[in-house]
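J.: can't give you the sequence, but here's the structure:
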């Protein structure tokens, strides 16, 4: 009887967590690393994953509290922080990579290295 009660008590994936692929990479603009930018992967359905680049432009995505992003096709958005004294009101990242993103990437099971090579033109 006890084994029946605890059959679902293991450390399995919660039912609301989709299949995830680990995602990391580097964000560059015109060949130069972009530091301290937010990277968002938005799946066609479900919740997005987020990351932030370090000084060398490297990022890793997190879905809720887990490493990765939902497996499947995503719209990718790269944005700069909009707070603080250096905010000039003009985003240095073209809209085609953020508010009007046309950047699409596919996340697969396992490890995914997805480098984002942006251009300012």
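T.: Arrived safely. Fair warning: this is a prediction, and the values are worked out from it, not measured in the lab.
J.: ranges for the helices of this protein?
T.: 2-5 (DSSP state H).
J.: Break down it into its strands, ranges please.
T.: 20-29, 32-33, 38-43, 49-52, 58-60, 62-63, 66-67, 69-70, 72-79, 104-107, 110-113, 116-118 (DSSP state E).
J.: doesn't residue 63 make contact with residue 43?
T.: No - using CB atoms under 8 Å, residue 43 makes no contact with residue 63, being 9.6 Å away. All C-beta atoms are positioned from the backbone trio N, CA, C, and that covers glycine.
J.: which one of those two has more residues nearby?
T.: Shown here are residue 43 and residue 63; by other CB atoms under 10 Å, residue 63 has more neighbours (21 against 18).
J.: what's across from that one in the sheet?
T.: Taking DSSP bridges as the rule, residue 63 bridges to residue 66.
J.: one step back: could you redo the strands of the chain as a markdown table and give each row mean pLDDT?
T.: Putting these into a markdown table (pLDDT from 0 to 100) gives the following:
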| stretch | mean pLDDT |
| --- | --- |
| strand 20-29 | 98 |
| strand 32-33 | 97 |
| strand 38-43 | 98 |
| strand 49-52 | 98 |
| strand 58-60 | 98 |
| strand 62-63 | 97 |
| strand 66-67 | 94 |
| strand 69-70 | 98 |
| strand 72-79 | 98 |
| strand 104-107 | 98 |
| strand 110-113 | 98 |
| strand 116-118 | 97 |
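J.: related to what we said a few turns ago, touching both of residue 43 and residue 63, which residues are there?
T.: Common contacts of residue 43 and residue 63 (CB atoms under 8 Å, 6 or more residues apart in numbering): 69, 70.
J.: of all the strands of the chain, which gets the most neighbours per residue?
T.: Among these, ranked by average contacts under mean count of other CB atoms under 10 Å, first place goes to strand 69-70 (a mean of 27).
J.: ok, and what's touching that one?
T.: 18-21, 23, 41, 43, 46-49, 61, 63, 107, 112.
J.: change it to 7 Å
T.: Contacts to strand 69-70, defined as CB atoms under 7 Å, 6 or more residues apart in numbering, come from residues 18, 20, 21, 23, 41, 43, 46, 49, 61, 63, 107.
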